[in-house]
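Student: 3D model of this:
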Amino acid sequence: MRLLVFGAAGRTGRLIVSKALGHGHEVTAFVHKRKLELQHERLRIVSGDVRDLPVVSSAVSGHSAVALALSNSFGATTVQEAGIANVIYAMAEKGVDRLSAVSCAGTFERNSPKLSLVHRMLIASALRSTYDDLEAMERRIMASDLDWTIVRPVGLNDAPPTGHYRFSLDGSPLPDAKRVSRADVASMVVKSLETDTYWRRAVVIAG
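Tutor: Predicted coordinates:
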């Protein structure tokens, strides 16, 4: 697989890059302002802004799959929707079908009693614009003709990979969910690109 990773210098993105390289894939890391301190014979690093369509289109060319792990470090609360709009357009233009995107648990389920009270309160206040953006991103993905997977972690931590996590395949929140390591999320993203088990599914992942 020739994989292009958007948001590759972020805390989750760089783990997706490492996991894909560990599985023997060729990887292009698309970074914005942060640097990716990683070198590998099968790794290429390109710089750009995911909101710049010509740059995104050029980066997508020649790849067989795309992973998206954007953050809001751009200083904009619409980067997810703007970014995915360009990515989807470029993938259709270049004939690339496979996409896996990192979102968050609770999208379209903001008031679910399966979410903790603290989580629901944050979504209703500090994270409201973030969830608006994530839901807009997911709508665009689900409306596309791509073979997509959306990975929705229930909170993230920087613990080592465990290989032990729970997930649902219908997008619904998991009861009594705990934070999951970014490394385990990265494993799920790479796995979702290597098999058709998760095609056109929103996968909630939790510890």
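Student: Does Leu99 belong to a helix, a strand or coil?
Tutor: Classification of Leu99 using DSSP: H, G, I helix; E, B strand; the rest coil returns strand.
Student: Now for it: which residues touch it?
Tutor: Taking Cβ atoms under 8 Å, 6 or more residues apart in numbering as the criterion, Leu99 is in contact with 65-68, 87-88, 91, 141, 144, 146-149. All C-beta spots, glycine's among them, are computed from the backbone N, C-alpha and C.
Student: wait, which of the residues you listed is closest to Ala29?
Tutor: Of all the contacts of Leu99, Ala29 sits closest to Ala67, with 10.1 Å by Cβ to Cβ.
Student: Tell me how many other residues crowd Gly22.
Tutor: Residues lying near Gly22 (other Cβ atoms under 10 Å) number 11.
Student: Same check on Thr162?
Tutor: Per other Cβ under 10 Å, the neighbour tally for Thr162 reads 12.
Student: For it, give its distance to Lys191.
Tutor: Using Cβ to Cβ, to the nearest Å, Thr162 is found at 14 Å from Lys191.
Student: And for Leu70?
Tutor: As judged by Cβ to Cβ, Leu70 and Lys191 stand 20 Å apart.
Student: neighbour count winner among those two?
Tutor: Remark: of Leu70 and Lys191, Leu70 carries more neighbours, 26 against 17, as counted by other Cβ under 10 Å.
Student: Helix or strand: which one has that one?
Tutor: Counting by DSSP states H and E, there is no helix or strand that carries Leu70.
Student: And the pLDDT at Lys191?
Tutor: We have a pLDDT of 97 for Lys191.
Student: ok but it is inside a strand, no?
Tutor: No: counting by three-state DSSP, Lys191 is not found in a strand; it is helix.
Student: isn't it right up against Val203?
Tutor: No: counting by Cβ atoms under 8 Å, Lys191 does not reach Val203; the two are 9.7 Å apart.
Student: Quick one: residues contacting Pro161.
Tutor: Taking Cβ under 8 Å, 6+ apart, we find Pro161 in contact with Ser181, Ala183, Asp184, Ala186, Ser187.
Student: mind checking how far it is from Val17?
Tutor: Pro161 is 14 Å from Val17, by Cβ to Cβ.
Student: same thing with Ser168?
Tutor: According to Cβ to Cβ, Ser168 stands 26 Å off from Val17.
Student: neighbouring contacts of stretch 105-119?
Tutor: In contact with stretch 105-119 (Cβ under 8 Å, 6+ apart) are residues 120, 123-124, 131, 134-135, 138, 152-155, 171-175, 177, 202, 204-206.
Student: Looking at the residues you listed, which are in strands?
Tutor: If you go by DSSP state E, these have Arg152, Pro153, Ala202, Val204, Ile205, Ala206 in strands.
Student: So of those, which two are at opposite extremes in space?
Tutor: The most widely separated members of the ones in strands among the contacts of stretch 105-119 are Ala202 and Ala206, with 13.5 Å between them, by Cβ to Cβ.
Student: which one of the contacts of Leu99 sits closest to Gly7?
Tutor: Of the contacts of Leu99, the one sitting nearest to Gly7 (Cβ to Cβ) turns out to be Leu68, at 6.6 Å.
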